[in-house]
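[1] predicted model and sequence below, questions to follow.
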Amino acid sequence: MCLMFEDQFEKFNLAHWKHEITLSGGGNGEFQSYTNNRTNSFVEDGVLYLKPTFTSDTIGEDTMKSGGKISLWGNDETSCTDNAAGGKHSGNYLNPIQSAKIKLDRAFSVSYGKVEISARMPKGDWIWPAIWLMPRHSMYGAWPASGRIDIVETRGNVNYTYGNVTSAGSTLQWGPSMDLNAYMDTHVEVLVDSGNSFADKFHVWGLEWNSTSLRTYVDNTTLLQVAFEKPFWERHAFPEWATNPWKGSETSAPFDQEFVLIMNVAVGGTNGYFPDAKNKPWKNADPRAVNKFWDRRKYWKTSWGFGNQAALAIDSVKIWTKDQSKCLK
């Protein structure tokens, strides 16, 4: 195995990192838009920061709340990557948070290799960072049929019943269709040592996988371990009417193809990642959830702190491959 990609973030190399640009909410009803803006993604002293900010600081609160317009169209490097509409006609505010989601150039996609990211998680209520991989070609069909690898997801909350900055999750997502995603069969949640949090310091978040197994880890501790001893179709009791998208493929399918690294910071959402609780400003079933989140910001705003506390901080990314043609010279 050889090193094929390394970034120590002496600068922000936009030839390697591509921005997602959208107001779509990530398919989870999230409350942020993703932009290519140095307020939300920037390098400082050798560290890459993905930082959520308030949309009202850019366009004003009146515009955000009363049906203003945000245009995300641009040239090939900055055009909208996922179209969606919202605002006055829907009865909701424009996305009240701006943030960043970046994807490594497909030239550095990897299959059966190793990935390590040195990162410090953000701290702040309802912040949802993720380091994950999606298939380069989706050879088995749309998500989740072609799989997804979540190295780590955390919640930035300090006091929240259903998980906070002291815990982290790691997951494989797979299934024949969106409503038959069997991710809970390959999901773990872990706690950091007592008295600490994943926002206190940098940790090495990693992925190792080959044709027989896949492992995610933090520092020297295994998070998720999955052996490919039988086909994924046999791991779950899918209904008889469902079609096996991996029939005739490798036992490791859909995780037998090239994947691309993605890092992002989302905020909020209505898909259930933040289950309803006493101190949560919105209900997931409320069609005005985004409005409630913003209107009750006095309850969460101070938790985001100052400086870059609310940002996902990354000080290195390394990727190894078994493909000798991709080795760094």
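    That came through, no problem.
[2] C-alpha only now, for contacts and for neighbours.
    Noted.
[3] residues contacting the closest residue to residue 216 other than its chain neighbours?
    Leaving aside its chain neighbours, residue 216 sits nearest to residue 207 (4.4 Å; criterion: C-alpha to C-alpha, 6 or more residues apart in numbering). Residue 207 sits next to 114-116, 151, 214-217 when contact means C-alpha atoms under 8 Å, 6 or more residues apart in numbering.
[4] for residue 207, give its distance to residue 161.
    Residue 207 is 28 Å from residue 161, where distance means C-alpha to C-alpha, to the nearest Å.
[5] repeat for residue 190
    Residue 190 is 15 Å from residue 161, where distance means C-alpha to C-alpha.
[6] tell me which of those two has more neighbours.
    Using other C-alpha atoms under 10 Å as the criterion, residue 190 and residue 161 rank with residue 190 on top: 16 against 13.
[7] bridging residues for the residue nearest to residue 216?
    On the basis of DSSP bridges, residue 207 takes part in beta bridges with residue 115, residue 216.
[8] for residue 54, give its distance to residue 263.
    Relative to residue 263, residue 54 is positioned 20 Å away (C-alpha to C-alpha).
[9] err, residue 294, not the other one
    Per C-alpha to C-alpha, residue 294 is found 24 Å from residue 263.
[10] could you give the bridge partners of residue 264?
    In this entry, residue 264 is beta-bridged to residue 101, residue 130, by DSSP bridges.
[11] just give the number of residues close to it.
    As a burial measure, residue 264 scores 24 neighbours (other C-alpha under 10 Å).
[12] longest helix in the chain, by number of residues?
    The single longest helix within the chain, with elements called by DSSP state H, is helix 289-295.
[13] and stretch 188-201, how far from the chain's centre?
    Chain-centre distance of stretch 188-201: 18 Å, with C-alpha atoms, centre = their mean, to the nearest Å.
[14] swap in stretch 106-119?
    Using C-alpha atoms, centre = their mean, the offset of stretch 106-119 from its chain centre is 15 Å.
[15] where along the stretch 1-150 of the chain do the helices fall?
    Assigned by DSSP state H, counting those that start in this stretch, the helices in the stretch 1-150 of the chain fall at 56-59, 61-65.
[16] may I have the first one as PDB, with CA atoms only?
    The C-alpha coordinates for helix 56-59 follow below in PDB (Å, rounded to 0.1, in the frame of the first residue of the first chain):
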ATOM      1  CA  SER A  56     -28.500  37.200   8.300                       C
ATOM      2  CA  ASP A  57     -24.900  38.500   8.600                       C
ATOM      3  CA  THR A  58     -24.700  38.300   4.800                       C
ATOM      4  CA  ILE A  59     -28.100  39.300   3.500                       C
END
